[in-house]
Structures are given as C-alpha cells and as structure tokens.
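*Asks:* 3D model of this:
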Amino acid sequence: MSSGFVSDTVHTLYHDHHGWLSGWLRRKLGCNHQAADLAQDVFVRIMFSPMQQTIREPRAYLTRVAHGLVVNHWRRREIEQAYLDALMQLPESMVPSVEQRLLVLETLFEIERMLAGLPAKVSQAFLLSQMDGMKYADIAIELGVSERMIKKYMAQAMLACLTLSKPL
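*Replies:* Model (predicted):
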C-alpha cells in the first residue's frame, strides 16, 4: 500500500530504520536538527533511486548513503567557513549583501562539486593554475607529467567549468 510517490520498499525502510539512522547521524553530527534533515535527505535520495528494490542490507545501504551526505555537509561547512573568514578580512564597506553572499556560496558549492567530479590530477592542475597562479610548465613539474598533459587537464577542467555556466 504505497502512498503517493513512496514505494512500499521505501515506506518499510523508513518505518523500520528511520530512528536508527537518525541516531547514527546525531552521533556523527552532534546536532539533532542537522541529523533530522540529513535523515530525510537519505530517504528522499532512496525514494528516487532505481536501486531501492534491490536493497539487501538496509542498514549498510542507509549508512553508505548517509555517509556521503555527511561528507558533503562537512565540505559545505568548510567552504562556508572559509568564505566567512575571508569576508571578515574585508572593510565593512566592501562586505557583500546577504543575497550576494548566498549567491557566492552556492557558486562555490557548485565549483567544489565540479572539482570533486574530476580526476585528482585534473582538479589539482586547475587549482594550481587558477588559485596559485602557477604556469603550466611549473604545474607539470609539480604533478610529474608533461606540459602537454597539463594543457589537456586544463581543457578538461575548463570544459567542466563551462557546464556550470547557466544561460542568462
């Protein structure tokens, strides 16, 4: 007897394991509210997953999905804290509005997701070039690859950046 979008599998999974998952998340995060939010996010992800019918070890599966969300949560908090720390260095007259800060944070989160989706050397080359201002030849030495490979890495990273762009 599924109701709306929730399959019997997800309903049973939620009923049988939501309390346990919330407790697990509470221990990881140290906050009831964040744990409740992430527990709901876990079940939303499962609800839209084609894998939901093949879950054999529910707690192991829930833990894996929740762990990924916890890692994303901590990454986002680190990015947000670094941005807030940078803002504190600005004169008050240059501090962006709340709306601008939210737009910048969302952009930073998108860039982080994009970089996380790239091979390690590609994202490393991109960061060394764009953040540290290193020349391709120096990046090649740093990463132990040819300068030609750095050009390929940068092309791959730039293509990923273009996919982040949204039409006006």
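
*Asks:* run through this protein and note the low-pLDDT ranges.
*Replies:* Along the chain, segments meeting pLDDT under 70 span 1-6, 52-53, 165-168.

*Asks:* make it 50
*Replies:* By pLDDT under 50, the weakly predicted segments of the chain are 1-3, 168.

*Asks:* how's it carved up into domains?
*Replies:* Following automatic domain parsing, one gets these domains for the chain: 1-96, 117-168.

*Asks:* can you put those in CSV and add distance to residue 109?
*Replies:* Placement of C-beta: from N, CA and C, glycine included. Below are these laid out as CSV (distance: least, Cβ to Cβ, whole Å):
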stretch, distance to residue 109
domain 1-96, 6
domain 117-168, 11
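
*Asks:* out of those domains, which gets nearest to residue 110?
*Replies:* domain 117-168 (5.4 Å; Cβ to Cβ).

*Asks:* related to what we said a few turns ago, residue 107 is nearest to which of the domains of the chain?
*Replies:* When these are compared (using Cβ to Cβ), the closest one is domain 117-168, at 8.2 Å.

*Asks:* thinking again about what came up before, mind putting the domains of the chain into TSV with mean neighbour count?
*Replies:* Shown next, in TSV, are the domains of the chain (neighbours: other Cβ atoms under 10 Å):
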stretch	mean neighbour count
domain 1-96	14
domain 117-168	14
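
*Asks:* does anything pack onto the helix or strand encompassing residue 64? Which helices or strands?
*Replies:* Residue 64 is part of helix 58-88, with elements assigned from DSSP states H and E. Judged by 3 or more Cβ pairs under 8 Å, 6 or more residues apart in numbering; DSSP states H and E, helix 58-88 is in contact with helix 8-29, helix 32-47, helix 98-116.

*Asks:* of the ones you listed, which is nearest residue 129?
*Replies:* helix 98-116 (12.5 Å).

*Asks:* now do that closest one: distance to the chain's middle.
*Replies:* 10 Å (Cα atoms, centre = their mean, to the nearest Å).

*Asks:* got the angle for that helix vs helix 58-88?
*Replies:* Interaxial angle, helix 98-116 versus helix 58-88 (axes from the mean of the first three to the mean of the last three Cα atoms, to 10 degrees): 130 degrees.
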